[in-house]
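>>> Show me the folded form of this:
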Amino acid sequence: MAQPRHFLTLDDINADEFRSIIARATELKRLQREGISHARYPGKVLAMIFAKASTRTRVSFEAGMTQLGGSAMFLSAADTQLGRGEPVEDTARVISSMVDAVMIRTFEHSTVERFARMSSVPVINGLTNDFHPCQLLADMQTWFEHRGDIAGRRVCWLGDGNNMCQSYINAARLLDFELVIACPEGYEPDADLVAKNAERVRIEHDADAAVEGVDLLVTDVWASMGQEEEQKIREAAMAPFQLSRGLLARAAKDALYLHCLPAHRGEEITAELMDAPDSVIWDEAENRLHAQKALLEFLLG
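Have a look, this model is predicted:
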């Protein structure tokens, strides 16, 4: 049997496939809004394994699979044998023999890699500590819908060099844009990943300088799940990197800004920008649904 196609990081697709998924996501969005059925996968089942809490990931995958004509089942570590120490590989063999695709949201990236190695069906990374590729599909769909292709543009990541930041590095290589990572010293993304993409990525410790003339500003919470005890330390270090009206004024005149949510209003982003009438953050949130439906189509064939 042919090996299934997985989506663990953006490295699992090429640039043409990335753009094709985005285009299909926008088409699926139109079909959904016009009430046109696109239930191509009756009887197909998506297993959703959650070790980390979720709102957008769970709702978007579950609703999306239903709209595609299939169904989705929620599995938490606490309610399965994974929570009692069953090897990931054994769980992968069993679950993948009963469903058509698996989405995993967990802590260690090695968990999804181990699962995928033994899975007989496509595996999707719904978020790990290292990467969040599904969110990048939605982010890029949002940009493409409002501004066209992102090739040759300048993007600034603000704040922690986290899983979102590292997925933006992968996106910069695939879609050919320049990425400036504005973060405090000590909060940089993986050094090897930065070095491997040095022709498109640079790190800047001065937020004002980093955002000068950029086309897109992106931020995320300063303390990710599992880092709550560092909250106060991180707040002090990252305060200069808050996405605010003043910082936005230094960017290009028609710059967009994104946040993958949930947001800590008044910390990494001001409430004023969250609620601004021209904010596309809510488009970005909705696009998780459409982008992931396009991804499921791509993987299920």
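>>> Not counting sequence-adjacent ones, nearest residue to the residue nearest in space to the middle of the chain?
When CA atoms, centre = their mean is applied to the chain, the residue found nearest the centroid is Gln135 (2.0 Å). Excluding the flanking residues, the one nearest Gln135 by CB to CB, 6 or more residues apart in numbering is Cys260, at 4.8 Å. (C-beta placed from N, C-alpha, C; glycine too.)
>>> Assess the claim that the one you found and Glu268 are in contact.
No - between Cys260 and Glu268 there is no contact under CB atoms under 8 Å: 10.8 Å.
>>> Quick check: buried residues in the helix or strand harbouring the residue nearest to the centre of the chain?
Secondary structure assignment for Gln135, by DSSP states H and E: helix 133-147. For helix 133-147, the neighbour count (16 or more other CB atoms under 10 Å) marks 133-145 as buried.
>>> circling back to that earlier point, identify the contacts common to Cys260 and Glu268.
Taking CB atoms under 8 Å, 6 or more residues apart in numbering as the contact criterion, the common neighbours of Cys260 and Glu268 are Asp220.
>>> what sits against Ile124?
6-8, 101-104, 134, 292, 295-296, 299.
>>> Would you pull up how far stretch 142-160 lies from the middle of the chain?
Using CA atoms, centre = their mean, to the nearest Å, the mean C-alpha position of stretch 142-160 is found 14 Å from that of the whole chain.
>>> ok, Glu108 - how many residues close by?
13 (other CB atoms under 10 Å).
>>> where exactly do the helices run in the stretch 51-200 of the chain?
Taking DSSP state H, counting those that start in this stretch as the test, the helices found in the stretch 51-200 of the chain are 56-67, 88-96, 109-118, 133-147, 163-175, 191-196.
>>> Phe241 is nearest to which of those?
Closest to Phe241 of the helices of the stretch 51-200 of the chain is helix 163-175 (CB to CB; 11.8 Å).
>>> Find me whatever residue is spatially closest to Asp283, sequence neighbours aside.
Thr142 (5.3 Å).
>>> Check Ser71 too.
The nearest residue in space to Ser71 (CB to CB, 6+ apart) is Val45, at 5.5 Å.
>>> what about that neighbour, distance to Thr9?
Val45 sits 24 Å away from Thr9, going by CB to CB, to the nearest Å.
>>> higher neighbour count, these two?
Set side by side, Val45 and Thr9 show more neighbours around Thr9, with 20 against 16, by other CB under 10 Å.
>>> Using CSV, write out every CA atom in the helix holding Gln135.
This file holds the C-alpha atoms of helix 133-147, laid out as CSV (Å, rounded to 0.1, in the frame of the first residue of the first chain):
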residue,chain,number,x,y,z
PRO,A,133,1.2,24.7,10.2
CYS,A,134,-2.6,24.7,10.0
GLN,A,135,-2.7,28.3,11.3
LEU,A,136,-0.3,29.4,8.6
LEU,A,137,-2.7,28.1,5.9
ALA,A,138,-5.4,30.3,7.4
ASP,A,139,-3.0,33.3,7.8
MET,A,140,-1.8,33.1,4.3
GLN,A,141,-5.4,32.6,3.0
THR,A,142,-6.3,35.8,4.8
TRP,A,143,-3.4,37.7,3.3
PHE,A,144,-4.1,36.4,-0.2
GLU,A,145,-7.8,37.3,0.0
HIS,A,146,-7.0,40.9,1.1
ARG,A,147,-3.7,41.7,-0.7
